[in-house]
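> sequence unavailable; structure follows:
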DNA sequence: TCAAGATGGTATAACGATATACCATTTCCT
DNA sequence: AGGAAATGGTATATCGTTATACCATCTTGA
């Protein structure tokens, strides 16, 4: 019927000024109960919904943030996003999610779009090869940014990360406690720094507890890679009885690989994963893994963004999330006799 | 250092008027090459990025849309989203994705937020129980809406759908052609209408070809659910040799479930999925499924939204997407002897 | 009684763009 | 030569809010 209602419309039907309506909507200023009521009635009558854009423009305050991640379909990531959204929603924020698909130039375009469209902040998982222009954009526009999962090259940017080293220490200790001495580390792409941290944790325990010399084998983060690697490992290092994996996908592949050569995971060979993806609980046998609560990570991430928005001058901080051991069936006591091939 | 650059800033450093800068940015009006150059230099110098918000406010044109879906982590949905984003990006739009998690009141809050924040349109998968208020909101604000995958109660809303019934007819016929007579339908949440349509197709073939009485089992659309359901099904209906699934996730879970109880998918039990998610091709064995090219669906969806935005007075339309049978290894001829447990 | 303070409300200038109208010049055509 | 049209640019109102300043009245208190 009519035009989209604005403060103007409400003011006219309530018989007051625009300023009054604005004050009622915001609960600001001094307005009597009587007029407040009149205004509220008018608001309902014309079905008024404020234009957040105009408000943001004038007030400089902005209740929209963007979240740019490399893969929204990843179940772990989806949980993180849930945590972020829930927390931000309690503060009246709208979170819009974008997917970079790990492509640096899509990432650039998305960040630019978020800046053009005046987001109040950006939650960001950088690709492995961020373009310089992307950093320039962020820097010249002084937009609040918090990275997570992957660290950016810029040390001035807040970061929320998984406590990788501690997690692999716990994982390695768990295997050592079960009597394993020959433990290998498998998986991860070469130069991703989360992997480097994890390897540090593994090596540290191997040294501290005077176990065998570390064996580290990188590979893609897929089941197929885990499947192959574990068979090769078995041939080349038959003394190994425990494997710490860089991620659950590799671990799951390793399980299949072991079964293929007649070894029983948890009895003949202990395998421990990382992430605790939903699949980990329903494989045969179910996977022991280092679980990081992604939902909680998301909430803390949101908190970090809110802090950054509210006090922009704070020095850059880095927040750590603990991973906890979930013991299922793929780790077990090292048996006295050497595991041997079934035939 | 300085404030965020605006048209004002650029105009000053270029020594021209604000209007001129605006025209250069938009490629509108008549501006000489010389001044155009001056302006562009100034733009670069002060690192100017236009405020899309302000532009949208004044011009009434809006290059942001929202996409509200029940589960962003679902790989099929993620592909749809990719298609939408790519197509919209070519037209200069920013797509912000929200997840309703199939909760009607979260859905309401998200739609309200999208309206407050002045999205130019909403792509929407309705929950199974949309609140009346949600419709009222959409209706009074006349915001362009296109639903997909699930149909809304409002017949005036554009819709892009998969040709569900035809797809499950094809799927069921495929199994029947292979000699199966006892075929069950597994998966999907109770009252989702896409599922109802699919069940119609399944039942229709079961009747027409005088096969066994239909068996329909609903469940969540996850691997975990498929994993459990199939084992239960096996116990309660041991005569069943073929399963039509409501989605690939359930089918994949079913595959694992079958293997867990010693059955070989494609030999002892035929399973056919729906969606053709990327994982379907690389499982062991690879999944036979009804492929619906989600990326293409996304592109068509975006097209529909663009049409609606550009010509708002067109009557509501409904677009159908065909699903095609992709035969891989999880369906096979029904063997003479009854499948039996391995022990 | 009357200055000082509450109380309740309005007028108006921003925010950063776009669109319209308009004003000088220059070029063209006959 | 001189009016018409093209060229290149600017001034200004506007979008829907918020924030500031300000203006009436009405209470107080001494």
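Now that the structure is in, tell me what you want to look at. Note that the structure is a prediction, hence the values are computed from the model and not measured. Residues are numbered from 1 along each chain as shown, chains lettered A, B, ... in the order given.
> residue contacts, the closest residue to residue A:215 other than its chain neighbours?
If you skip the residues right next to it in sequence, residue A:215 has residue A:184 as its closest partner in space, 4.2 Å away by Cβ to Cβ, 6 or more residues apart in numbering or on different chains. Bear in mind the C-beta positions are built from the backbone N, C-alpha and C, glycine included. Residue A:184 sits next to A:214-217, A:233, A:237, A:240, A:242-244 when contact means Cβ atoms under 8 Å, 6 or more residues apart in numbering or on different chains.
> quick one: what helix or strand has residue A:184 in it?
For residue A:184, the host element (DSSP states H and E) is strand A:183-186.
> what of residue A:298?
helix A:294-310.
> which other helices and strands contact that helix?
Contacts of helix A:294-310 with other secondary structure elements, assessed using 3 or more Cβ pairs under 8 Å, 6 or more residues apart in numbering or on different chains; DSSP states H and E, are made with helix A:75-90, strand A:122-124, strand A:145-148, strand A:158-162, strand A:318-321.
> can you tell which of those is closest to residue A:98?
Distance to residue A:98, taken as Cβ to Cβ, is lowest for strand A:122-124 among the helices and strands packed on helix A:294-310, at 9.3 Å.
> name every strand pairing with the closest one and say which way it goes.
Using DSSP bridges, the neighbouring strands of strand A:122-124 in the sheet come out as strand A:64-69 (parallel), strand A:145-148 (parallel).
> how about that strand: buried residues?
By neighbour count, and taking 16 or more other Cβ atoms under 10 Å in any protein chain shown as the criterion, the buried residues in strand A:122-124 are A:122-124.
> one step back: CSV for the helices and strands packed on helix A:294-310, including distance to residue A:270 and mean pLDDT?
Rendered in CSV, the data for those read as follows (distance: least, Cβ to Cβ, whole Å; pLDDT from 0 to 100):
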stretch, distance to residue A:270, mean pLDDT
helix A:75-90, 23, 94
strand A:122-124, 37, 98
strand A:145-148, 31, 97
strand A:158-162, 22, 96
strand A:318-321, 25, 94
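> dump the ones you listed to TSV, plus distance to DNA strand C.
Formatted as TSV, the helices and strands packed on helix A:294-310 follow (distance: least, Cβ to the nearest atom of the strand, whole Å):
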stretch	distance to DNA strand C
helix A:75-90	24
strand A:122-124	19
strand A:145-148	20
strand A:158-162	25
strand A:318-321	32
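> for the ones you listed, which one sits closest to residue B:51?
Shortest separation from residue B:51 across the helices and strands packed on helix A:294-310 is recorded for strand A:122-124, at 16.3 Å, computed as Cβ to Cβ.
> residues in contact with the closest one?
Counting by Cβ under 8 Å, 6+ apart, residues outside strand A:122-124 touching it are A:65-69, A:84, A:95, A:111, A:114, A:138, A:143-148, A:152, A:301-302, A:305.
> re the thing from before, and the angle for the helix holding residue A:298 with strand A:158-162?
Between helix A:294-310 and strand A:158-162, the angle formed by their directions is 170 degrees, by axes from the mean of the first three to the mean of the last three Cα atoms, to 10 degrees.
> around DNA strand C, which positions in chain A sit nearby?
With Cβ under 7 Å from any atom of the strand as the criterion, chain A meets DNA strand C at residues A:16-20, A:23, A:29-32, A:34-36, A:54, A:57-58.
> just say helix, strand or coil for residue A:332.
coil (DSSP: H, G, I helix; E, B strand; the rest coil).
> what sits against the residue nearest to it when sequence neighbours are not counted?
Closest residue in space to residue A:332, ignoring its immediate chain neighbours: residue A:266 at 4.5 Å, by Cβ to Cβ, 6+ apart. By Cβ under 8 Å, 6+ apart, the residues touching residue A:266 are A:285, A:288, A:329-332.
> if we go to 7 Å?
Residue A:266 makes contacts with A:285, A:329-332, as judged by Cβ atoms under 7 Å, 6 or more residues apart in numbering or on different chains.
> top of the residues you listed by neighbour count?
When neighbours are taken as other Cβ atoms under 10 Å in any protein chain shown, the top entry among the contacts of residue A:266 is residue A:330 (29 neighbours).
> you'd agree that one is up against residue A:263?
No. The pair residue A:330 and residue A:263 does not pass the contact test of Cβ atoms under 7 Å, sitting 11.4 Å apart.
> tell me where the model's unsure across chain A.
Per-residue confidence for chain A (pLDDT under 70) gives these ranges: A:1-2, A:336-343.
> quick revisit: now the contacts of residue A:266 in CSV, with distance to residue A:170?
Putting these into CSV (distance: Cβ to Cβ, whole Å) gives the following:
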residue, distance to residue A:170
A:285, 21
A:329, 18
A:330, 16
A:331, 12
A:332, 17
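> nearest to DNA strand C, of the residues you listed?
Distance ranking of the contacts of residue A:266 against DNA strand C, using Cβ to the nearest atom of the strand, places residue A:330 first at 56.6 Å.
> ok so, going back, pick the one among the buried residues of strand A:122-124 closest to residue B:311.
Using Cβ to Cβ, residue A:122 comes nearest to residue B:311 of those, at 34.4 Å.
> so what's that closest one bridging to?
Under the criterion used here (DSSP bridges), residue A:122 is bridged to residue A:66, residue A:145.
> around DNA strand D, pick out the residues from the stretch 1-150 of chain A.
A:3-4, A:6-8, A:18-19, A:22, A:25-26, A:28-29, A:48, A:50-51, A:54-55, A:57-59, A:61.
> just the buried residues of those.
The neighbour-count test (16+ other Cβ under 10 Å) marks A:6-7, A:22, A:25, A:48, A:50-51, A:55, A:57 as buried among those.
> just the ones of those in strands?
Under the assignment DSSP state E, those contribute nothing to strands.
> if we can go back for a sec, I'd like the contacts of residue A:184 laid out as a markdown table, including neighbour count and secondary structure.
Below are the contacts of residue A:184 laid out as a markdown table (neighbours: other Cβ atoms under 10 Å in any protein chain shown; DSSP: H, G, I helix; E, B strand; the rest coil):
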| residue | neighbour count | secondary structure |
| --- | --- | --- |
| A:214 | 16 | coil |
| A:215 | 18 | strand |
| A:216 | 15 | strand |
| A:217 | 19 | strand |
| A:233 | 20 | helix |
| A:237 | 13 | coil |
| A:240 | 21 | coil |
| A:242 | 24 | strand |
| A:243 | 31 | strand |
| A:244 | 29 | strand |
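> and those as TSV, adding distance to residue B:129?
Compiled in TSV, the contacts of residue A:184 are given as follows (distance: Cβ to Cβ, whole Å):
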residue	distance to residue B:129
A:214	55
A:215	55
A:216	52
A:217	51
A:233	52
A:237	57
A:240	54
A:242	50
A:243	47
A:244	46
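> which one of those residues is nearest residue B:293?
Closest approach between the contacts of residue A:184 and residue B:293, by Cβ to Cβ: residue A:217, at 37.8 Å.
> gap between the two ends of stretch A:22-41?
Terminal residues of stretch A:22-41 are spaced 14 Å apart (Cα to Cα, to the nearest Å).
> residues of chain A that sit close to chain B?
Proximity of chain A to chain B is confined to A:47, A:49-54, A:56-57, A:64, A:72-73, A:75, A:78, A:81, A:85, A:94, A:96-97, A:99, A:113, A:115-118, A:140-141, A:278-279, A:282, A:284 under the rule Cβ under 7 Å from any Cβ of the partner chain.
> just give me the neighbour total for whatever residue of the stretch 151-300 of chain A ends up closest to DNA strand D.
The minimum distance from the stretch 151-300 of chain A to DNA strand D, using Cβ to the nearest atom of the strand, falls at residue A:158 (25.6 Å). Using other Cβ under 10 Å, residue A:158 is surrounded by 22 other residues.
> burial count for the nearest residue to it once chain neighbours are set aside?
The shortest distance from residue A:158 to any residue other than its chain neighbours is 4.3 Å, reached at residue A:146 (Cβ to Cβ, 6+ apart). Residues near residue A:146, counting by other Cβ under 10 Å, number 27.
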